[in-house]
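> The following block contains a protein sequence and its predicted model.
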Amino acid sequence: MHSPQQSMNVSATSPSTTPEGRNNNPEESNEKLQKELLDLQMKYNSMVAEVRDTKQAEEQLNAEIIRLKNVMDEQKREIETKSREKNELLNRLSAVAGQRLRDNNPAIADLSSEIRPTKIAEGFKELYDNEWTEAFIELKDQGYQDIVAIQFLITAVEDSFEFTADISRRRLEHLEASTRALVSHKEEKPDAVRHINKAKTISERDMKSEHRYQYGSVQQHADQKQVASAILSEECADLLKQLRKASAQALVEEIQNCFIENRMRNKETAVKQKAMIDFYKECAKITWFMSVQTPPLTLAPKPAKDSPIQTDLYLQYTQSGSKVDYVVWPACLLHENGPLLAKGVVQPFKPEVGDGAEVGKRKASVHGSHASVRQSGNDRRSTINSNNVNDPSKGVGRRVSCDYDTQF
């Protein structure tokens with residue numbers, strides 16, 4: 001056993017340690033802490049640098065995102081522009097192709113037009129059902145015999161057809177002439193400048209008035225010849241036909257007024273009754289729309305008297321039969337020698353007794369009641385021969401001229 005004194009000496013000579021057995025040397029601890037602090041500082045600096053690099057990379061990415069967005073917006077606008085141009089070109093191509101397909105091809109209907117052939121045919125039928133009936137009754141009240149009143153009305157619609165067809169043809173000619181003038185003179189000086197230059201080169205005091213007139217006539221003839229020689233493209237000619245048709249509705253009132261003025265110039269066709277005026281107006285409107293089609297709608301040729309009735313073209317009026325006596329209302333065709341759009345009406349001869357047909361039998365027709373319209377006033381009877389009903393050169397209200405070149 002050791003004594004207490006020996007234990008204390010052993011304790012004094014042994015190294016100094018912590019209760020946990022660690023080295024309690026201050027220098028070593030300080031050095032160790034310095035090393036740890038240095039490591040931490042290096043890690044911190046590294047992390048700071050990493051954060052800085054990350055922020056720079058983020059800023060670059062944001063800038064790239066903005067640039068790509070701008071590029072994408074620009075490309076989107078370009079795509080929209082190209083798409084719009086493509087659609088416009090497709091629409092133009094479709095319109096041109098459709099127009100070329102419809103041009104002189106009445107089998108193809110332009111459903112976008114309010115004055116397409118089927119609509120005109122409906123108006124032609126309504127003209128007979130409505131305005132014709134009122135006008136017929138009015139003429140009967142004025143003392144016209146049935147056959148004379150019918151001839152008066154069918155002559156009016158035929159005159160209207162020829163009248164408006166002539167205006168339509170002249171209007172297209174005027175449009176073509178104006179366009180040719182633009183094409184042939186597009187590189188020339190304006191008229192005023194040309195006239196000034198012409199005046200400088202030609203001394204009026206050295207020329208007699210008749211020479212000046214002759215010079216002007218020669219120049220005018222040369223200009224007209226140059227204009228006439230200008231060739232319009234097929235597309236331009238089609239556009240002019242479209243222009244004529246597109247402006248048809250706006251000219252209806254002028255056409256009607258001119259046609260009525262035409263009728264009033266002839267004492268045989270001049271009327272003041274409202275029903276007749278309305279009939280004239282509607283005739284002018286419908287036949288005007290017929291004339292601006294490409295090709296124009298037309299009236300079927302009148303069947304000859306005593307010819308077999310073409311039941312595919314005509315209805316029968318107030319009696320049945322197989323032979324034509326006279327035409328009451330013309331048939332409307334899609335074009336010359338074309339398919340039927342609206343049937344006409346004819347009055348057949350009465351069947352003979354013994355032919356197996358009942359005398360006086362009335363076939364159902366559009367206006368079977370017209371024969372029963374009362375006939376009043378014996379002071380106004382026409383002496384026109386009924387055999388002249390289908391003769392265009394005879395009868396009531398033949399055509400008179402109208403100075404409409406300056407109007408249309």
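Structure received. Numbers count the residues shown, from 1 in each chain.
> Could you use CA atoms for every contact and neighbour count after this?
Fine.
> SS state for residue 341?
strand (DSSP: H, G, I helix; E, B strand; the rest coil).
> contacting residues for it?
117, 118, 121, 331, 332, 333, 334 (CA atoms under 8 Å, 6 or more residues apart in numbering).
> What strand or helix carries residue 266?
Secondary structure assignment for residue 266, by DSSP states H and E: no helix or strand.
> same thing with residue 328?
strand 324-329.
> which residues touch the helix or strand just after that strand?
Counting by DSSP H and E, the next helix or strand C-terminal to strand 324-329 is strand 332-333. Residues from elsewhere that reach strand 332-333 (CA under 8 Å, 6+ apart): 121, 124, 297, 298, 299, 300, 339, 340, 341, 342, 343, 344.
> Kindly report the same for stretch 277-296.
Identification of contacts with stretch 277-296 by CA under 8 Å, 6+ apart yields 103-106, 115-117, 120, 123-124, 127, 131-132, 135, 156-157, 160-161, 164-165, 168, 241, 244-245, 248, 252, 255-257, 259-260, 271, 297-298, 334-335.
> Could you export it as PDB, CA atoms only?
C-alpha atoms of stretch 277-296 as PDB (Å, rounded to 0.1, in the frame of the first residue of the first chain):
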ATOM      1  CA  ILE A 277     -97.100  51.300-113.900                       C
ATOM      2  CA  ASP A 278     -96.200  48.600-111.300                       C
ATOM      3  CA  PHE A 279     -96.200  46.000-114.000                       C
ATOM      4  CA  TYR A 280     -93.900  48.000-116.200                       C
ATOM      5  CA  LYS A 281     -91.500  48.600-113.200                       C
ATOM      6  CA  GLU A 282     -91.400  45.000-112.300                       C
ATOM      7  CA  CYS A 283     -90.900  43.900-115.900                       C
ATOM      8  CA  ALA A 284     -87.900  46.300-116.200                       C
ATOM      9  CA  LYS A 285     -86.400  45.100-112.900                       C
ATOM     10  CA  ILE A 286     -86.700  41.400-113.700                       C
ATOM     11  CA  THR A 287     -85.500  41.600-117.300                       C
ATOM     12  CA  TRP A 288     -82.600  43.900-116.200                       C
ATOM     13  CA  PHE A 289     -81.400  41.300-113.800                       C
ATOM     14  CA  MET A 290     -81.800  38.600-116.500                       C
ATOM     15  CA  SER A 291     -79.600  40.600-118.900                       C
ATOM     16  CA  VAL A 292     -76.600  41.100-116.600                       C
ATOM     17  CA  GLN A 293     -76.100  37.400-116.000                       C
ATOM     18  CA  THR A 294     -73.200  35.600-117.800                       C
ATOM     19  CA  PRO A 295     -74.600  34.300-120.100                       C
ATOM     20  CA  PRO A 296     -77.800  36.200-119.900                       C
END
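> Give me the mean pLDDT for that stretch.
Across stretch 277-296, the average pLDDT comes to 96.
> what does stretch 44-56 give?
Throughout stretch 44-56, pLDDT has a mean value of 91.
> Let's see it as PDB, backbone CA atoms only.
Extracted in PDB, the C-alpha atoms of stretch 44-56 (Å, rounded to 0.1, in the frame of the first residue of the first chain):
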ATOM      1  CA  TYR A  44     -17.600  30.200 -47.000                       C
ATOM      2  CA  ASN A  45     -15.600  31.800 -49.700                       C
ATOM      3  CA  SER A  46     -16.300  28.900 -52.000                       C
ATOM      4  CA  MET A  47     -20.000  29.100 -51.300                       C
ATOM      5  CA  VAL A  48     -20.000  32.800 -51.900                       C
ATOM      6  CA  ALA A  49     -18.300  32.400 -55.200                       C
ATOM      7  CA  GLU A  50     -20.700  29.600 -56.100                       C
ATOM      8  CA  VAL A  51     -23.700  31.800 -55.200                       C
ATOM      9  CA  ARG A  52     -22.200  34.600 -57.300                       C
ATOM     10  CA  ASP A  53     -21.700  32.300 -60.200                       C
ATOM     11  CA  THR A  54     -25.300  31.000 -59.800                       C
ATOM     12  CA  LYS A  55     -26.700  34.500 -59.800                       C
ATOM     13  CA  GLN A  56     -24.700  35.400 -63.000                       C
END
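> Out of the contacts of residue 341, which comes closest to residue 183?
For the contacts of residue 341, the minimum distance to residue 183 (CA to CA) is 33.0 Å, reached by residue 117.
> Neighbours of residue 247, how many?
Neighbour count for residue 247, taken as other CA atoms under 10 Å: 11.
> Now it. Its backbone dihedrals?
Phi and psi for residue 247, reported as degrees, to the nearest 10, are phi -90, psi 0.
> The closest residue to residue 335 other than its chain neighbours: what's it in contact with?
Of all residues not flanking residue 335 in the chain, residue 297 sits nearest, at 4.7 Å (CA to CA, 6 or more residues apart in numbering). Residues in contact with residue 297 (CA under 8 Å, 6+ apart) are 117, 290, 291, 332, 333, 334, 335, 336.
> And for residue 231?
Contact analysis of residue 231 by CA under 8 Å, 6+ apart lists residue 180.
> What is the neighbour count of residue 267?
For residue 267, the neighbour count with other CA under 10 Å is 9.
> quick one: it and residue 261, what's the gap?
Using CA to CA, to the nearest Å, we find residue 267 at a distance of 12 Å from residue 261.
> ok so, going back, the strand holding residue 328 - what's its average pLDDT?
The pLDDT scores in strand 324-329 average 97.
> for stretch 301-317, same thing?
Across stretch 301-317, the average pLDDT comes to 96.
> What residues of that stretch count as buried?
In terms of neighbour count (16 or more other CA atoms under 10 Å), stretch 301-317 has its buried residues at 302, 303, 305, 309, 313, 314, 315, 316, 317.
> what's the answer for stretch 276-287, then?
276, 277, 278, 279, 280, 281, 282, 283, 284, 285, 286, 287.
> same thing with stretch 171-182?
Those would be 171, 172, 175, 176, 177, 179, 180, 181, for stretch 171-182 by 16+ other CA under 10 Å.
> Between the residues you listed, which sits nearest residue 141?
Within these, the smallest distance to residue 141 is 39.1 Å, found for residue 171 (CA to CA).
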